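K.L.:
Here is a sequence together with a model predicted from it:
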Amino acid sequence: MSAAATRASSGLQVRDLTVTYPGRPPVEAVRGVSLEIARGEIVALLGPSGCGKSSLLSAVVGVVPPSAGEIWWDGEDLTRVPVHRRSFGMVFQDGQLFPHRTVAGNIAFGLEMARAPRAAREARVAALLETVGLAGLGERAVSELSGGQRQRVALARSLAPSPRLLALDEPLSSLDADLRARLGEEVRQILRATGTTGLLVTHDAEEAAAIADRVLRMADGRLV
Amino acid sequence: MTPAPASARLWWALAGVPLLFLGTFFLWPAATVLWRGLVGDDAGVGPGAGLAEAWAVLASSRTLRAIATTAWLALAGTAGSLVLGLPAAWALSRFSWRGSRTVRALVTVPFVLPTIVVAAAFSALFAASGILGGLGLDQSPVAIVLALVFFNVSVVVRIVGGAWEALPPGRSLAARTLGASRWRAFVHTTLPALRPAIASSAAVVFLFCSTSFALVLTLGGTRVRTIETEIWIQVNQFLDLRAAAVLALVQVAFVGLALWVSSRASHARAAAGVATARRRGPRGRERWAVAAALLPTLALLALPIAALVERSLRVVGGYGLDHYRALLVPPARTALPVPVWEAAVNSLVTALIATAMATVVGLVTAQLLAARSRRAGVLESLVMLPLGVSAVVVGLGLLLTLNRAVLGVDLRGSWWLVPIAQAVVALPLMVRALVPAARAIDPRLRAAAATLGASPWRTWWQVDARLLRAPAGASIAFAFAISMGEFGATVFVARPDRPTLTTAISRLLSRPGLDNAGMAFAAAVLLAALTAAVMLLSERLRTTVGAEL
């Protein structure tokens, strides 16, 4: 760990991050966690539900504001940068696909936000559909997809704007065991192929081992 | 999840929209009415003298009789709605047959009709020249109670029927296997499970019955007076605003009590689940029971409407469209200063403006209420408040406070007060229709948009605005229908020379002469058709939403 700290400044650095939810009494979900992820590395946060791993992930992405601590990327302080300017992607547990958009429309969303020209957008969507094994299904409504297909779309959607870091929040836990094993391997290959840095949250040790290069265990808001 | 400080500031900035609107057009007027009711408006008289004066109004036999009438009319209306509604709820929630969908739709029709239309329909039914004129029920409390039941039977069917459908059939079957007869199984398992829904529907019906101004004003004539019509008489005939304010205080207290009971009853209702029981065709003797359960309700719903249409078409020596043609020309004598078509145009214009106001305030409010929090809870109860205060009090408040220059804008006698009053009445209903849809949007969907690079504004546009488009359309149509049919508040602020369709119908009904009545009935048919069309559109929009989410 100390060797990594001196190397510093490339990839993600989280310093003494604390996440507190208001209430009586306030709930301290993450208690001063520090971690580093090198560029291109895939790290899994493994722990039982309620250990704070999802809160940590959400704070890194910027969906939840931390109550203390810092988040850096390549020597740039992102702690106060809003979610949409961090260029950190996220795959949610149950996909969270836009119900009013087609498969292609979902994948194109991030490209539209980045104001990519139409031709480039279409080419990228087609390529990503190919990557996640859904070629030709672009015009489908997302309600017509199976659970596995939805998670593939969610993955393609979050990869489309080429995020620096991809956060995966229990991306496979809503799928059956068979599919989970197969898709886990695919996710790893896709992240590898695109050179994306990954931070995976899961409660499944096998899944963590299958996808990640390095596994960090978390319990009661701290890394153990 | 904690909102960032910036978004908290934005929340409060946006909350300014409903707060300013309701503060100016509802809280201030309503508070003024209540204050004048308590203390009086004479600065010279001390508060003690004001209270004594209020007490004198309150203790007068006229007031006491109005309170008693309000209470027992509401009780009788509630009892009648339950007596007709419970069997109908049973038949419609347990069985299906060819045409049962139509019956189900028919039963919900009355609730969307403007009160003044129902008043006109019952007046057409029981007037001396009506189908049931021979019964001599014109201007009788019985006619009013029947009209109240007409209106509220659908509430009972909807609330109790919904709970009945959600009952797991296993429970009553379990009782049967333990040796209970059909009847005992019903009494010991079904009825206790339905009790919260029945209590809740009774409370809601009681609330509606105690705020049915148009029905009592039209059908009660000079003999039956409730608190609300008494307010109207004090304002219009005796020009006694003080007495009206005291009565408004009584009305608010009365409705407050009904609401309190209703909220206690509906707490227990939250347990209702999803529909589990399958409806099936009635067998053997069940057919007779289903028929017996539905026929009284259907007769009560069909007869007044048939009478209304019949009377609107009846002319001397037969049937014709004369009354409808008469809507296009100025009325003969002093009945109405403008032709009815002009009143209809007024109605459309004011309802459009009211809808625009309610839409702006309602959409902003629904957004603010989308995420549950304590401040959202406070805002929600504030926005719902006009629903808990009778429309008559809203109208009286606007009349007492805004009928003068405000901030340099002279609102005196201005027709702007009409759309404002309608918007205040429509707003809570609109918000109530919209908030569940706004809450159904998973906050993580917005988070997903943000992680894909969408700014908060673009997130709102790409997620909220897109997903709420259909429910917003439905609630806007709903607000328009409410505004078109609004009477209780409108009648206080509409100028006599600029009537709306509802005030024109009321005025025509109160004048003698068969021609005036015929025109009123034709106008009521017109208004009913307009509102029904808009409500149908609203319903259509609402159902497309369900498919989307």
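P.N.:
Sure, I can see it.
K.L.:
Every contact and neighbour count from this point should use C-alpha atoms.
P.N.:
Will do.
K.L.:
Tell me how far B:Phe56 lies from chain A.
P.N.:
Careful, residue B:56 is Ala and not Phe. The spacing between B:Ala56 and chain A, counted by CA to the nearest CA, to the nearest Å, is 51 Å.
K.L.:
ok, now which ones touch B:Gly397?
P.N.:
B:Phe26, B:Pro29, B:Ala30, B:Ala31, B:Thr32, B:Val33 (CA atoms under 8 Å, 6 or more residues apart in numbering or on different chains).
K.L.:
now it, nearest residue through space, not along the chain?
P.N.:
B:Pro29 (4.2 Å; CA to CA, 6 or more residues apart in numbering or on different chains).
K.L.:
Based on its surroundings, how many neighbours for that neighbour?
P.N.:
Applying other CA atoms under 10 Å in any protein chain shown, we find 23 residues neighbouring B:Pro29.
K.L.:
Report the contact partners of it.
P.N.:
B:Val394, B:Gly397, B:Leu398, B:Leu400, B:Thr401, B:Leu402.
K.L.:
Kindly indicate which of these lies nearest chain A.
P.N.:
Chain A has its nearest neighbour among those in B:Val394, at 38.4 Å by CA to the nearest CA.
K.L.:
For the closest one, identify the helix or strand it belongs to.
P.N.:
For B:Val394, the element it lies in under DSSP states H and E is helix B:391-401.
K.L.:
B:Arg158 too?
P.N.:
With secondary structure defined by DSSP H and E, B:Arg158 is part of helix B:141-166.
K.L.:
Pull out the buried positions in that helix.
P.N.:
B:141-166 (16 or more other CA atoms under 10 Å in any protein chain shown).
K.L.:
what is the mean pLDDT for it?
P.N.:
The average of the pLDDT scores along helix B:141-166 is 88.
K.L.:
likewise stretch B:486-499?
P.N.:
88.
K.L.:
The closest residue to chain A within the stretch 351-500 of chain B in helix, strand or coil?
P.N.:
The minimum distance from the stretch 351-500 of chain B to chain A, using CA to the nearest CA, falls at B:Gly453 (4.0 Å). At B:Gly453, secondary structure determined by DSSP: H, G, I helix; E, B strand; the rest coil is coil.
K.L.:
Neighbours of the residue lying closest to it once chain neighbours are set aside, how many?
P.N.:
Distances taken as CA to CA, 6+ apart place A:His84 nearest to B:Gly453, at 4.0 Å, with adjacent residues excluded. Residues lying near A:His84 (other CA under 10 Å) number 24.
K.L.:
Equivalent analysis for B:Thr350, please.
P.N.:
When counting by other CA under 10 Å, one arrives at 25 neighbours for B:Thr350.
K.L.:
Tell me if it really is in a helix.
P.N.:
Yes. Residue state for B:Thr350 (three-state DSSP) corresponds to a helix.
K.L.:
Wait, it touches B:Val418, no?
P.N.:
Yes. B:Thr350 lies in contact with B:Val418 (CA atoms under 8 Å); the separation is 6.7 Å.
K.L.:
Show me which residues of chain A sit near chain B.
P.N.:
A:21-22, A:61, A:63-65, A:83-92, A:96-100, A:109-110, A:113-114, A:158, A:161 (CA under 8 Å from any CA of the partner chain).
K.L.:
Among those, which ones are in strands?
P.N.:
Those of those mapping onto strands are A:Tyr21, A:Phe88, A:Gly89, A:Met90, A:Val91, per DSSP state E.
K.L.:
Who is the spatially most central residue of chain A paired with across the strands?
P.N.:
Nearest to the geometric centre of chain A sits A:Ala167, at 1.4 Å (CA atoms, centre = their mean). Counting by DSSP bridges, A:Ala167 is bridged to A:Met90, A:Leu199.
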